[in-house]
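Chemist: show me the folded form of this:
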Amino acid sequence: MAMAGRSHLAKDLMMEAFVVFTREDTTDVDELAAYSARVGPSFDGHDVTFLAAYGAMENLEGSPIEGAVILRFPTMQAAHDWYHSPAYQAVAAHRFAGARYRGFIVEGLR
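Modeler: Below you'll find the predicted structure:
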């Protein structure tokens, strides 16, 4: 089965989206605390499910990370709308100032 592109069958299936953040290195714990204290309201009005948030983990490959968050949204557009919303971008500035992260949205089957 070719993995380079979506099969024609996948196009007919319901797709949802996952926002994944990995924290690589903390640079300012006070900024991360400010982010944690303020991020909750950014989810208001968005259909999101928290699947993982800094739980126990085991590094399998690559450089170790400090933690990870996985959020599920009903669509790529819904994930994009939350991430780029003024409410989230205002609070994200604290996350950017507090740590180095990697973040991405990946589409998956429902």
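Chemist: partners of the strand or helix carrying I70, with directions?
Modeler: Using DSSP states H and E, I70 sits in strand 67-73. Paired strands of strand 67-73, with direction, are strand 15-26 (antiparallel), strand 49-53 (antiparallel) (DSSP bridges).
Chemist: return the distance of the next helix or strand after it from the chain's centre.
Modeler: Next along the chain after strand 67-73, taking DSSP H and E as the criterion, comes helix 76-83. Between the centre of helix 76-83 and the centre of its host chain there is 10 Å, according to CA atoms, centre = their mean, to the nearest Å.
Chemist: which stretches of this protein have low pLDDT?
Modeler: Along the chain, the parts satisfying pLDDT under 70 run over 1-13.
Chemist: G108 sits in which helix or strand?
Modeler: Applying DSSP H and E, one finds G108 within strand 99-109.
Chemist: next, the buried residues of that strand.
Modeler: A99, Y101, I105 (16 or more other CB atoms under 10 Å). C-beta: built from backbone N, CA, C; applies to glycine.
Chemist: returning to that earlier point: of the strands paired with strand 67-73, which is nearest R110?
Modeler: Among the strands paired with strand 67-73, the nearest to R110 by CB to CB is strand 15-26 (4.7 Å).
Chemist: convert the C-alpha atoms of that closest one to CSV, please.
Modeler: Extracted as CSV, the C-alpha positions of strand 15-26 are listed here (Å, rounded to 0.1, in the frame of the first residue of the first chain):
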residue,chain,number,x,y,z
MET,A,15,-11.3,12.7,8.7
GLU,A,16,-10.5,14.5,11.9
ALA,A,17,-7.4,16.4,12.9
PHE,A,18,-4.9,16.2,15.7
VAL,A,19,-2.9,19.1,17.0
VAL,A,20,0.4,17.9,18.5
PHE,A,21,2.8,20.0,20.6
THR,A,22,6.1,18.7,21.9
ARG,A,23,8.0,20.7,24.4
GLU,A,24,11.7,20.5,23.5
ASP,A,25,13.3,22.8,26.2
THR,A,26,11.9,25.1,28.9
